[in-house]
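*Asks:* Kindly return the folded structure for what I paste below:
(chains A and B)
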Amino acid sequence: MSANAVPSGKTLAVSRRSKRSLANSKWPVLILFLPPALLVFTVLVILPMGEAAWYSFYNWNGYGSPTQWVGWRNYQLIFRNSAFTQALINNGLIVLASLCVQVPLALWLATMISSRIKGALFFRLIFFLPYVLADVAAGMIWRFVYDGDFGLVAGISHFIGVEPPFWLADRDVAMYAILGVVVWKYFGFHMMLFIAGLQAIDKSVLEAADIDGATGFQKFRLVTLPLLGSTVRLSVFFAVVGSLQLFDMIMPLTGGGPSNSTQTMVTFLYNFGVTRMQVGFGSAVGVVLFVICVTLAFSYKRVFMRND
Amino acid sequence: MTDISTAQPIDAASAPTSGQRIRAGTQVYMYASLIIVAAIVVVPLITTALGGFKTLGELRGNPFGLPVEWQWSNYTDIIISKRYWLQMSNSLIIALLTVFLTLTFGAMAAFCFAHIRFFGTDYLVNYFLIGLMFPAATAILPLYIRIRDLGLVDTYWGVVLPQVAFGMGMSIMLFRNYFRNLPSELFDAAFVDGCGYMRFFWHITLPLSRPIIATVGIISFVGSWNSYIVPLIMLNSESRYPWPLGIMIYRGEFSTEWQLVLAFITLTILPTIIAFFLAQKHIIAGLTAGAVKS
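*Replies:* Residues are numbered from 1 along each chain as shown, chains lettered A, B, ... in the order given. Now for the predicted structure:
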C-alpha cells in the first residue's frame, strides 16, 4: 500500500496509467453516488420550498390544482392577524430568554465544571440530560409540573399556603412559564459547547495572567471570554436559530393557547395553516419564517462569524 | 452577569496567596450552585417517574414524596399493552431506516465532494448546505402535498424520506470534512496501485470512517427518534404512530388521569435515558459535533 515502497522510476509509469484509470472510474462513481442525495434533497426540501413561494399567492385547500390567485392577500392576512403578531413577539421573547438567561447560565456552569472539581462528570451528564429527551416528552413533563391540581407547582403552593396557580391557563403568564422550560431543556447543550471551548484554551495563557496577579474575575473577563469568543458566537447563533423553530415543546404544553398567547411562528403555521388545510395561507407563513431564518442566519454569520 | 464574576472559574487553587481559604469558600459556593441546578433538572423527572406509581388522589395530596402504596399496575398495564410496543417499534423502524439512508446517501455524496473534482462541485456543496438554514416546518404543507402525490401518506416512507432529505446537509458536511482530513498519502498509494474511486471508497474510506459514521448515525437516530412535526403531518393511522405522537394521543385520552400519563411518559423516555447513560460519551460527542459546523 505504501507509496514509498515503489521504486521512484516505476512510480511515474504506473501513476500515468493509474491516472487514466482514475479518470475512467470518476464518472461511474459520480453517476452512482450523487443522484440519491441530490434527488431526495431536491424533491423533498428545495422543491417544496419553491412551491411554498408559489402556493402562497393562492387560496387553495390542497385538492386539485391551485387556481384562485389572490396575489399578496395571504401575506396581508398574516400581518394583520393578531395571533401572528403575538407569535412574532413570543419568538422574540424566546430569543431574549435564550440570550439573557440560557447562554450566561450555560457559560457560568461550564466554567465551574471545567475547573478542577470532584463530580464534574456527574453534573455534566445531569445537565445534558434534558437536551437528549424529546421536546414532546419534556413539554409533557412540564405540563405536569405546572398543573395547578396535581403538579409540583401546586405542591409548593400548598406547602407555603397559597392557592395553587394555573400558569399555563393564564394568558399573561403562560409564555413565561414556557420560557422556563426552554431554558431547562437547552442550557445543557450550550454548556457542552462551552466546555469544549474552554478545553481548547491554552492553560499557559491563564498561568501568565496568574503570575501578573490577575484576579479570578479579571482572568475570566480579559483572558477566557475573548479566547472563548468563537464558541460564544456559535452558541448565540444556535440559540437564535433554535428559538425561531420552537414547536414540539409548545404543543404538549399549551398548543399555542390560552387565546393564542403562546403561539410561535411554527405553531401558528400549524394551527392556522395545516389543521385547516389552508395551503396558500400556511405556505405564506412558511415563506415568512423562511425569510426571517435565512436573513438572520446570513446577516449574523456575515457580521459576527466572519473570522470563525 | 454578576453571577459569573463570583464564580471564580479558573482554577482558584493556583492563586498563590491565601488561596486555600478562598478555595474552600468557593468550593462550597460552587457545589451549592451545581446541586441546586441539578435538582431543578432532576426533580421534574423523578417526580414524573414516582407519580406514575401513585393514585390520582395521592398525586394531588403528595406530588413530591414516595408513593404510600406503590401502584405497580399503572406501569404493568402499559407494559403489557400492545400500543406501547407498537409505538416503540414504529419509532425504531422509522429511526433505523432514516439512519441507514442518511448514512448511505450522505457518505456517497460527500465522497464525491471530497475527492472528485468536477464542474460545479462547490455550488453543489452549498446547495446542500441551504438545508441547514431553515426549519423543516417552513415548507411542511407543500411537502405534505408532494408526499401525498407520491402515495406515501400514512406510510413509514412518508416520514423517513423527508427526514433523510432534511438530514442531508448535516450528513454531507460532516462526512466531507472527515473524508478530506484523511491522510492524503493513502490516496497516492491507492492510486499508484491502480485503485479506482469505487474500490477506494469501499476498501479505504469506509473502514477508516467508523467514528464519523457513528457520529452522523447518532445525530440522525436521535433526531428521528424524538421527531414530532413530520410524523404528525404525514401519518393518519394510530397504528403507525411513533412514540412522541403516542404520548400526545395518550394524554388526550387519559387527560383526567395524570398518574397513567406520567407512567406512560416515564416508560417512553426510559429507553432514551438508559441509552444516554450507556453511551453518553458517543452521544454527547455526536450531538455537539452535529452542532459545531465548521
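
*Asks:* Contacts only, for the residue minimising distance to the centre of chain A.
*Replies:* Among the residues of chain A, the one closest to the centroid is A:Gly242, at 2.2 Å (CA atoms, centre = their mean). A:Gly242 makes contacts with A:Ser98, A:Tyr186, as judged by CB atoms under 8 Å, 6 or more residues apart in numbering or on different chains. (Glycine included, C-beta is placed from N, CA and C.)

*Asks:* any idea of the pLDDT on the closest residue to B:Val125 other than its chain neighbours?
*Replies:* Distance criterion CB to CB, 6 or more residues apart in numbering or on different chains; nearest residue to B:Val125, sequence neighbours excluded, is B:Phe113 at 5.3 Å. Note on B:Phe113: pLDDT of 93.

*Asks:* residues near B:Gln280, how many?
*Replies:* By other CB atoms under 10 Å in any protein chain shown, the residues close to B:Gln280 number 16.

*Asks:* Can you check the pLDDT for the nearest residue to it once chain neighbours are set aside?
*Replies:* Distances taken as CB to CB, 6+ apart place A:Leu125 nearest to B:Gln280, at 5.8 Å, with adjacent residues excluded. Here, the pLDDT recorded for A:Leu125 equals 95.

*Asks:* what's the answer for A:Val136, then?
*Replies:* pLDDT, read off for A:Val136, is 97.

*Asks:* Confirm that it sits in a strand.
*Replies:* No: applying DSSP: H, G, I helix; E, B strand; the rest coil, one finds A:Val136 to be helix, outside a strand.

*Asks:* what mean pLDDT would you report for the strand or helix carrying the residue nearest to the centre of chain A?
*Replies:* Element membership of A:Gly242 [criterion: DSSP states H and E] is helix A:229-244. Averaged across helix A:229-244, the pLDDT comes to 91.

*Asks:* which stretches of chain A have low pLDDT?
*Replies:* For chain A, applying pLDDT under 70 flags the ranges A:1-23.

*Asks:* residues making contact with stretch B:113-131?
*Replies:* Contacts with stretch B:113-131, where a contact means CB under 8 Å, 6+ apart, come from A:26, A:29-30, A:34, A:37-38, A:41, A:45-46, B:109, B:112, B:165-166, B:168-170, B:172-173, B:175-176, B:179-180, B:187, B:197, B:200.

*Asks:* Would you show me how to pick out the buried ones of those in PyMOL?
*Replies:* Selecting only the buried entries of the contacts of stretch B:113-131 in PyMOL, with 16 or more other CB atoms under 10 Å in any protein chain shown as the criterion:
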select buried, (chain A and resi 26+29+30+34+37+38+41+45+46) or (chain B and resi 109+112+165+166+168+169+170+172+173+175+176+179+187+197+200)
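
*Asks:* Now intersect the contacts of stretch B:113-131 with the helices, please.
*Replies:* Per DSSP state H, helices hold the following members of the contacts of stretch B:113-131: A:26, A:29-30, A:34, A:37-38, A:41, B:109, B:112, B:165-166, B:168-170, B:172-173, B:175-176, B:179-180, B:187, B:197, B:200.

*Asks:* residues making contact with stretch B:175-187?
*Replies:* Residues from elsewhere that reach stretch B:175-187 (CB under 8 Å, 6+ apart): A:1-3, B:106-107, B:109-111, B:113-115, B:125, B:200, B:204-205, B:208-209, B:211-212, B:216, B:294.

*Asks:* what about it, average pLDDT?
*Replies:* Here stretch B:175-187 scores 89 as its mean pLDDT.

*Asks:* quick one: the strands in the stretch 51-200 of chain A?
*Replies:* Assigned by DSSP state E, counting those that start in this stretch, the stretch 51-200 of chain A shows strands spanning A:58-59, A:68-69.

*Asks:* Select, out of those, the one closest to chain B.
*Replies:* Nearest to chain B among the strands of the stretch 51-200 of chain A is strand A:58-59 (11.5 Å), distances taken as CB to the nearest CB.

*Asks:* Using a markdown table, lay out the strands of the stretch 51-200 of chain A together with mean neighbour count and distance to A:Leu198.
*Replies:* Listed next are those as a markdown table, based on neighbours: other CB atoms under 10 Å in any protein chain shown; distance: least, CB to CB, whole Å:
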| stretch | mean neighbour count | distance to A:Leu198 |
| --- | --- | --- |
| strand A:58-59 | 18 | 52 |
| strand A:68-69 | 10 | 56 |
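
*Asks:* which one of the ones you listed lies closest to A:Leu246?
*Replies:* Nearest to A:Leu246 among the strands of the stretch 51-200 of chain A is strand A:58-59; the distance by CB to CB comes to 28.1 Å.

*Asks:* Run a quick neighbour tally on the closest residue to A:Phe128 other than its chain neighbours.
*Replies:* Spatial nearest neighbour of A:Phe128, excluding adjacent residues (CB to CB, 6+ apart): A:Gly188 at 4.1 Å. As a burial measure, A:Gly188 scores 25 neighbours (other CB under 10 Å).

*Asks:* and if you look at the one 5 residues further on?
*Replies:* A:Leu193 sits with 22 neighbouring residues when counted by other CB under 10 Å.

*Asks:* Roughly how far does the closest residue to it other than its chain neighbours sit from A:Phe220?
*Replies:* Nearest residue to A:Leu193, sequence neighbours excluded (CB to CB, 6+ apart): A:Ser235, at 5.1 Å. Distance, A:Ser235 to A:Phe220, using CB to CB, to the nearest Å: 16 Å.

*Asks:* Thanks a lot, see you next time.
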